[in-house]
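Student: Take this sequence and fold it.
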Amino acid sequence: MAEKNVIWRNQSVMLNDTLYIGRISKGSMSLERKTTTLSSMGGIGDVAVPNGKFNASTANLEFNNLATADARQLCGNDGFIRLRLSGECRVTDSNTGTRTVNRATTLINGFVTNPPVNLFNNDEPYTANISVLYVQVSDESGLVLEIDWDNGTVYPDDQPSEGFTITI
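Tutor: Residues are numbered from 1 along each chain as shown. Here you go, the predicted model:
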């Protein structure tokens, strides 16, 4: 069996500045750019080009089990939560065979849209659905991605580089 080239280790989740060890099994988020369809006279078809904006985004946080203190974290402040997901990313260099380790962090702020009400069910995990207001991805080298829907800021800046034009 082949060895994985990218391995995540020592992962942790902070929910509203509280460390959750072994309680949260998975965190995920979807992100999609808005596009504008361009077509030209005599062209071979349409093309969808990013317009610098993003669709509404949702994050999911799956709990193995849920206690009333967890529900209090998720329901307080109108459901507004701050998440910090972090871990070490081990990558194998295909040229040298050596591994490099880089710590990465994702920050997510948003509102829980499905407050937990069924606290006494151990058979099914609870998944918090979060309407995302802010996301930031960074590693030891600096900022990778930052989108703030509330303030309308995006990093890296989605402005085309100099000399880039679209002619219709």
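
Student: I'd like to know how far residue 109 sits from residue 20.
Tutor: Distance of residue 109 to residue 20, computed by CB to CB, to the nearest Å: 17 Å. (Each C-beta comes from the backbone N, C-alpha and C, glycine too.)

Student: remind me which residues of the protein are low pLDDT?
Tutor: Applying pLDDT under 70 to the chain flags residues 1-4, 121-122, 158-168.

Student: Could I get the full set of strands for it?
Tutor: Counting by DSSP state E, one finds strands in the chain at the ranges 6-15, 18-20, 24-30, 33-38, 47-54, 58-63, 80-92, 99-112, 126-139, 142-148, 153-155.

Student: would you turn those into CSV with distance to residue 71 and mean neighbour count?
Tutor: Supplementary listing: the strands of the chain in CSV, determined by distance: least, CB to CB, whole Å; neighbours: other CB atoms under 10 Å:
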stretch, distance to residue 71, mean neighbour count
strand 6-15, 12, 14
strand 18-20, 13, 12
strand 24-30, 14, 15
strand 33-38, 34, 12
strand 47-54, 30, 13
strand 58-63, 10, 18
strand 80-92, 12, 17
strand 99-112, 10, 16
strand 126-139, 9, 18
strand 142-148, 28, 13
strand 153-155, 32, 13
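
Student: Reformat these as a markdown table; add distance to residue 120.
Tutor: As requested, the strands of the chain are arranged in a markdown table below (distance: least, CB to CB, whole Å):
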| stretch | distance to residue 120 |
| --- | --- |
| strand 6-15 | 21 |
| strand 18-20 | 20 |
| strand 24-30 | 19 |
| strand 33-38 | 41 |
| strand 47-54 | 38 |
| strand 58-63 | 14 |
| strand 80-92 | 22 |
| strand 99-112 | 19 |
| strand 126-139 | 11 |
| strand 142-148 | 37 |
| strand 153-155 | 42 |
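
Student: Tell me which of the ones you listed sits nearest to residue 119.
Tutor: Ranking the strands of the chain by proximity to residue 119 (CB to CB) places strand 126-139 first, at 8.4 Å.
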